[in-house]
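In: Here is a sequence together with a model predicted from it:
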Amino acid sequence: MSLHALRRLGLDRIWWLVSPQNPLKSTAGMAPLAKRLEGARRIARHPKIVVSDIEAKLNTRFTIDTLRELQRRFPRVQFVWLMGADNLGQMPHWRQWTEVFGMVPIGIFRRPGYAIGGQAAARFARSRRPMRSSMQLAALKPPAWLVLDNRLNLISATAIRRQARS
């Protein structure tokens, strides 16, 4: 999916932010951060994909705080937030989620079993861009978001964790 986003959105680089702990998820069954970083680095072997524990270094737990700090530290970088359709549905549970839409353009990966809808999609429906504007997404003034035309990937993080424990 990252390689697809690099091509379709014309991005220079993708950062995988390995979070110390998602505030909306249980810590039960969660591997330590170092082990998750190591696993992500094994998978991400591409020169334009950077696996980072910057949220741990910044001591941020919430997306809004991470984005604020990244924009403060890297004022010339045009960030794009990438996430799956499952997260689009959960966004209203995020801290200051409407401000996230106002800070950076957002690219949404389609996910099996998750519709592109819900409160966040409805609230920012006028800001949704067609796929034909994908190469300009990073330069668009937020709020701006689009749904990527990615192939559906049936592998879930839960299944990956389950397989790793076997």
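Out: That came through, no problem.
In: Next one: the residue nearest to residue 134 when sequence neighbours are not counted from residue 137, what distance?
Out: Nearest residue to residue 134 in three dimensions, chain neighbours excluded: residue 8, at 4.9 Å (C-beta to C-beta, 6 or more residues apart in numbering). In this view, the C-beta of every residue, glycine as well, is placed from N, C-alpha and C. For residue 8, the distance to residue 137 equals 9 Å [C-beta to C-beta, to the nearest Å].
In: Of these two, give the one with the bigger neighbour count.
Out: Neighbours of residue 8 and residue 137, each counted by other C-beta atoms under 10 Å, are more numerous for residue 137; the result is 24 against 17.
In: Is it correct that the more buried one is in contact with residue 146?
Out: Yes - taking C-beta atoms under 8 Å as the definition, residue 137 is a contact partner of residue 146 at 6.1 Å.
In: what do these two both touch?
Out: Counting by C-beta atoms under 8 Å, 6 or more residues apart in numbering, the shared contacts of residue 137 and residue 146 are 107, 129.
In: ok, which stretches of the chain are strands?
Out: Listed from the start of the chain, the chain has strands (DSSP state E) covering 14-17, 49-52, 81-84, 106-109, 145-147.
In: So in that sheet, which strands flank the third one, and in what orientation?
Out: Note on strand 81-84: by DSSP bridges, its sheet partners are strand 106-109 (parallel).
In: that older thread, name the stretch among the strands of the chain that sits most buried.
Out: Across those, the average number of neighbours (mean count of other C-beta atoms under 10 Å) peaks for strand 106-109, which reaches a mean of 24.
In: And for that one, what's in contact with it?
Out: For strand 106-109, contacts defined as C-beta under 8 Å, 6+ apart pick out 1, 5, 9, 80-85, 88, 100, 116, 134, 137, 142, 144-148, 150.
In: Quick check: closest non-adjacent residue to residue 10.
Out: Once flanking residues are discounted, residue 10 sits nearest to residue 135: 4.5 Å by C-beta to C-beta, 6+ apart.
In: do the same with residue 118
Out: Nearest to residue 118 is residue 89, by C-beta to C-beta, 6+ apart, at 4.5 Å.
In: distance of the one you found from residue 69?
Out: Distance check for residue 89 against residue 69: by C-beta to C-beta, it reads 26 Å.
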